[in-house]
Every structure is written in structure tokens, then in C-alpha cells.
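In: with the sequence up front, the predicted model follows.
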Amino acid sequence: MIRLLFEFSAGRYHATPWGHHVNEGLVEWPPSPWRIIRALLATGYTKLGWLQAPDDMRRLVEAFAASEPVYRLPRATTGHTRHYMPVRGLRKTGVQETSKVIDAFVVPDGPLVVEWPVAEDSLPRNLLEKLLDRLGYLGRAESRVRARLAGESESLPDFVVSTQRGNVDDDPVRLLAPVSAAIYADWRRGSQDAPEDLLAALQIDTKTLQNEGWNIPPGARESVYWRPAHALVQVFAPGWSHGAGADRNDTALFALSTDKKRDVLPLMERALPTMALFRRAVLSSIGDEQQRGACPELTGKDREGRPLKCKHQHAHFIPLSLDSQAPRRIDHVLVYAPMGFGPLAERGLRRLRRTRAKGMDDIAVTLIGIGKKEAFRIGGADPVHELGSSTAWVSRTPFVPPRFLKLRGKDSLEGQVRAELLRRGFPDAAVSPAVAAPIDATEAGRTAIWFRRFVRTKQGNGGVPPAGLFHITLTFDRPIRGPVCLGWGCHFGLGLFVPADGRAP
């Protein structure tokens with residue numbers, strides 16, 4: 001057995017899995033055997049001055065292709081940055097047109113070890129050491145590495161990733177790997193247009209693959225590896241945990257993206273059906289277990305299918321618009337469950353990759369992080385105003401009374417708002433809630449007109465919504481912290497409030 005050790009000197013690893021778009025926010029972790037072998041080949045041409053690969057390199061490639069490696073992963077977290085790349089043309093306002101690109105990466109807490117089950121005496125060790133010593137990066141060029149052969153006595157990282165499933169919670173990871181030289185030779189007899197041998201196939205560039213219509217590189221196959229659930233943890237800030245009760249994580253933040261040539265992100269007016277479909281996608285990623293009542297924090301029901309008695313402690317799916325250039329598009333989703341996420345819920349949230357909306361069947365979902373609500377209040381360059389603190393809160397989405405409205409008493413608009421605050425543990429409003437009329441020549445009045453466009457139905461048996469879509473301003477005698485979600489449909493984006501000094505337009 002031979003062990004390759006990779007240390008990421010820049011602290012990050014960037015690589016997009018084969019067959020995925022960069023804006024899906026996925027990272028190929030661990031790096032595929034195909035990627036590692038191609039990196040060694042590229043190093044020979046760029047650093048050792050090859051004009052063609054020597055026979056020793058052919059021996060090395062064929063030895064690696066004949067077996068499947070086992071990975072030893074360090075504990076790692078994920079993150080991403082968003083870049084707004086300038087493109088040709090201007091908006092109607094004269095502002096430069098931009099295209100958003102998501103750059104996802106892994107931050108490993110230590111070196112990566114790849115164990116290849118090949119005999120050392122069958123490999124050209126001197127050549128392999130030269131290639132590893134001169135290897136500059138693995139994945140994209142930002143992924144600077146220092147590589148070497150690891151000794152037998154060196155300590156190994158914690159998590160083992162192989163083609164054998166070790167635990168029921170392990171996550172499947174599809175990695176591109178080369179077939180053996182013998183299998184390739186047999187296959188090529190029926191594909192004369194393919195490269196002459198496996199070594200030549202590994203050297204085809206992406207442009208040639210696209211021009212010749214290959215949907216997967218010749219000589220490549222997909223191999224399913226099983227990664228431990230906690231080997232790659234999405235966290236927003238230090239202090240994450242996997243405990244229960246008060247130690248549970250209660251908040252998850254997701255970014256949405258689409259191919260802008262075909263689709264745009266859903267409008268905020270469709271918050272209710274869009275969030276309902278998002279919840280359905282999360283539950284689908286869990287599978288049959290959630291149908292047996294094992295995930296009440298996401299379903300809001302116990303094992304007998306009855307609504308939970310702890311009112312409004314289950315998940316709220318909150319639509320966010322953090323892009324100031326498109327303030328009425330849903331580009332992020334915040335999932336907040338005051339009762340906390342159990343292991344099954346966290347697993348489902350981490351596995352979520354896609355959702356849909358009306359007219360859009362393929363919206364990529366990127367998990368930014370899971371943690372405690374307090375860790376998300378700052379939100380980096382894009383503050384999450386819905387989690388802010390203020391004495392005055394205004395409607396971001398319309399408030400819909402949960403019961404039929406009456407002029408006076410507990411079922412009046414004011415009575416229902418105060419009752420909603422009480423049920424969620426908020427202090428009573430210091431003054432009567434201010435209701436904006438659509439005829440008001442103010443910002444609140446213009447927003448009240450916009451509220452008329454909000455959808456109040458969702459797919460499935462969503463019930464009959466009460467009448468009324470109201471723009472309300474709440475004032476308290478002391479600052480309160482968000483999120484503030486009140487009224488009918490508050491678990492799916494309606495009745496959402498933001499601080500008056502940080503509201504979205």
C-alpha cells in the first residue's frame with residue numbers, strides 16, 4: 001500500500017464535481033481518483049518538461065487505475081463566496097450588468113491522506129516522489145497543496161471514506177475514477193474514435209470532450225464512495241454542536257441559484273407556495289422516516305400525525321432577499337425551528353440540493369451553514385435583517401389574520417396581532433399596531449398595494465386562507481430580536497416582519 005498526503009497550504013480546497021454546475025455550490029470532497037491522476041500528469045508536462053509521458057508514468061497510471069483508493073479525511077467545514085462578474089451590457093438604470101457566480105470550497109482541519117492498495121515495488125517510486133514534490137495545486141488553481149508520500153508511522157485523519165458503507169448515516173459521494181487498462185482496451189474495440197489507450201484518454205482536455213460530444217470522459221466510470229455524515233460539516237460560525245435539547249442547532253441558511261439564461265429566482269409574492277415546495281424538498285431528502293413522525297421539528301406533527309401541542313416551535317421556512325439588486329426575488333431561505341433540529345432533520349437539511357417553484361423545476365440549493373440562531377445575526381456582507389433587534393418592526397410580507405375578522409374584541413385585527421405576539425413569547429405591543437392603507441401616499445402605502453399581489457394558496461390541502469393582507473407596524477417598549485413571524489401562513493413566509501431601520505425595499 002502507498003499513501004499520498006496532501007496539505008492545503010491556503011487552507012481551502014476548491015473543486016466542482018463532474019457533471020455539476022459551479023453555481024450548485026457543490027465541492028468534490030474527497031478529490032476523485034481521476035482528478036488526482038490527471039493532476040500528476042499535468043505536473044509532469046509543466047514542471048518536468050515532458051513532451052510525452054514516459055513509460056514509468058504509464059506504469060504509474062495503470063497501477064493506480066487497477067484499484068480503488070481509500071481516503072482518510074480530516075474534519076472539514078464548507079463555505080462559499082459570491083462574485084458578481086461584469087458582463088456585456090448595461091441595465092436600464094445605467095448600472096453595469098453582472099452575473100452571480102458561487103465559489104464553494106472546503107476548509108480542511110489537517111492533511112488529506114489517500115491510500116492506494118498497490119505494492120510499492122510495482123511503482124516507479126522516484127517518479128512519483130518528483131511529481132508529488134512539484135505538484136502546485138489540486139482542483140482549481142486556488143487549491144494550493146504540498147504533497148508527499150506518507151510514512152507508515154504517521155498518524156492518520158479520523159474519517160475513512162471507501163466504497164464500503166460503514167454506517168447507515170454515511171453520505172454517498174460519486175467520484176470519477178479510471179477503468180483498468182485491460183477493461184479500456186476491451187471497450188475500445190467497439191469505439192474506434194476513442195483515444196488509443198487509457199493514458200491518452202486521461203490527457204484529453206475538456207474542450208475536446210465537449211467538441212466530440214462525450215458526456216463522460218472515455219475510460220472513466222463513476223464510483224460510489226461513502227463519506228461519514230460528520231466528516232463534512234456545514235457551519236456558519238464556530239460553536240456548532242450535535243447535542244440535544246438546549247444544545248441543538250436551530251437555524252439553517254440556504255442560498256438559491258438558477259441558470260439565468262433560462263430562469264430567474266421566484267418572486268417574493270410567491271413566498272407561500274415556494275416555501276411549501278422547499279419544505280417538501282427537505283422532507284423528500286429525509287425519505288420514509290419522516291412519514292413515521294420521526295422528524296416533528298420539520299413536519300410539525302407527532303407520530304400519530306397530530307399537530308404538535310408546543311405551538312409554533314417547529315420549523316419556519318423564511319424567504320429572504322439579500323441581493324440589493326433584486327430585492328423582490330427570493331435568493332436565500334432561512335429555516336428556523338425554536339425546538340431545535342434533531343439528527344434526522346440535520347441530515348435532511350445537509351442533503352438538500354434542489355428545490356422547485358412555479359415554472360422552475362431545477363433551483364440549485366447551497367447550504368451556507370447550520371448552527372444557533374445567534375450565529376446568523378451578522379450574516380457577513382449580507383446581514384439578515386429578519387434576525388435583527390429593534391423596538392419597531394414593519395411587515396416584509398403581508399400579515400394574514402388567523403381567524404375571521406371582527407370590528408372589536410379579541411377577533412379584531414389588533415386583538416389577533418396581540419394574541420399572536422403572546423403565543424410566541426413576545427412582549428405586548430406598546431401601542432396599537434399601525435395599519436397602512438393602500439391609498440396612503442407613503443412607502444408603507446405603496447408596499448400595501450404590492451401586498452395585494454401575494455399568493456395565499458399552495459399545492460395540496462393548504463386550507464382556505466382568511467380574508468385580508470395587511471401591512472402592519474409594531475412598536476415595543478424595548479428591543480426584541482427576530483425572527484418575527486405572525487399570523488396565518490407564518491411557517492411558509494407570510495406574516496414576516498423586519499426592523500423598521502433595516503427593512504428591504
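Out: On my side now, so go ahead. Numbers count the residues shown, from 1 in each chain.
In: all helices of the chain, in order?
Out: Under the criterion DSSP state H, the chain carries helices at the ranges 33-47, 55-65, 125-134, 181-188, 198-201, 206-211, 271-286, 296-299, 343-351, 413-423, 443-451.
In: could you dump the ones you listed to TSV with mean pLDDT, mean neighbour count and distance to Phe376?
Out: The C-beta positions use only the backbone N, C-alpha and C, and glycine is treated the same way. Converted to TSV, those look like this (pLDDT from 0 to 100; neighbours: other Cβ atoms under 10 Å; distance: least, Cβ to Cβ, whole Å):
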stretch	mean pLDDT	mean neighbour count	distance to Phe376
helix 33-47	95	19	33
helix 55-65	94	19	43
helix 125-134	94	16	41
helix 181-188	92	16	49
helix 198-201	94	20	46
helix 206-211	87	10	37
helix 271-286	92	22	17
helix 296-299	88	22	17
helix 343-351	88	20	14
helix 413-423	92	18	22
helix 443-451	90	17	25
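In: mind putting those in TSV, distance to Phe497 included?
Out: Output for those, formatted as TSV (distance: least, Cβ to Cβ, whole Å):
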stretch	distance to Phe497
helix 33-47	47
helix 55-65	58
helix 125-134	56
helix 181-188	61
helix 198-201	58
helix 206-211	48
helix 271-286	13
helix 296-299	23
helix 343-351	24
helix 413-423	11
helix 443-451	12
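In: around the nearest residue to Arg329 once chain neighbours are set aside, how many other residues sit close by?
Out: In space, Arg329 comes closest to Leu265 once its chain neighbours are excluded; the distance is 4.3 Å by Cβ to Cβ, 6 or more residues apart in numbering. Neighbour count for Leu265, taken as other Cβ atoms under 10 Å: 21.
In: can you check Pro338 too?
Out: Pro338 has 17 nearby residues by other Cβ under 10 Å.
In: next one: it from His314, what distance?
Out: To His314, Pro338 is 8 Å away according to Cβ to Cβ, to the nearest Å.
In: looking at the helices of the chain, which is nearest to Ala141?
Out: Closest approach to Ala141 among these is made by helix 33-47 (11.3 Å; Cβ to Cβ).
In: who does that closest one touch, helix- and strand-wise?
Out: helix 55-65, helix 125-134, strand 171-178 (3 or more Cβ pairs under 8 Å, 6 or more residues apart in numbering; DSSP states H and E).
In: and the angle for that helix with strand 171-178?
Out: With axes from the mean of the first three to the mean of the last three Cα atoms, to 10 degrees as the basis, helix 33-47 and strand 171-178 are set at 50 degrees to each other.
In: got phi/psi on Pro218?
Out: As for Pro218, its main-chain torsions (degrees, to the nearest 10) stand at phi -60, psi 140.
In: how far away is it from Pro124?
Out: Distance, Pro218 to Pro124, by Cβ to Cβ: 25 Å.
In: more neighbours: the two, which one.
Out: Between Pro218 and Pro124, counted using other Cβ under 10 Å, Pro218 has the larger neighbour count: 20 against 17.
In: was I right about the more buried one contacting Pro195?
Out: Yes: applying Cβ atoms under 8 Å, one finds Pro218 in contact with Pro195, separated by 6.0 Å.
In: who touches both of those two?
Out: Counting by Cβ atoms under 8 Å, 6 or more residues apart in numbering, the common neighbours of Pro218 and Pro195 are Ala201, Ile204.
In: grab the longest strand from the protein for me.
Out: Ranked by residue count under DSSP state E, the longest strand found in the chain is strand 76-90.
In: buried ones in that strand?
Out: Ala76, Thr77, Thr78, Gly79, His80, Arg82 (16 or more other Cβ atoms under 10 Å).
In: can you give the domain ranges for this protein?
Out: Per the record, the chain has its domains at 2-76+111-228, 234-387, 388-505, by automatic domain parsing.
In: tell me how far the longest one lies from the chain's centre.
Out: Same thing as domain 2-76+111-228. 25 Å (Cα atoms, centre = their mean, to the nearest Å).
In: with only the CA atoms kept, save stretch 303-312 in CSV.
Out: Provided in CSV are the C-alpha atoms of stretch 303-312 (Å, rounded to 0.1, in the frame of the first residue of the first chain):
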residue,chain,number,x,y,z
ARG,A,303,-46.0,10.1,15.4
GLU,A,304,-49.8,9.8,15.2
GLY,A,305,-50.0,12.6,12.7
ARG,A,306,-51.5,15.1,15.1
PRO,A,307,-50.3,18.8,15.2
LEU,A,308,-47.7,19.4,18.0
LYS,A,309,-49.0,20.8,21.2
CYS,A,310,-46.0,23.1,21.5
LYS,A,311,-47.4,25.8,19.3
HIS,A,312,-45.1,27.3,16.6
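In: before we move on, the earlier item: by contact count, what packs against the longest strand of the chain?
Out: strand 96-108, strand 232-233, strand 360-371.
In: circling back: isn't the residue nearest to Arg329 up against Asp331?
Out: Yes: between Leu265 and Asp331 there is a contact at 5.5 Å, judged by Cβ under 8 Å.
In: I appreciate the help and will end here.
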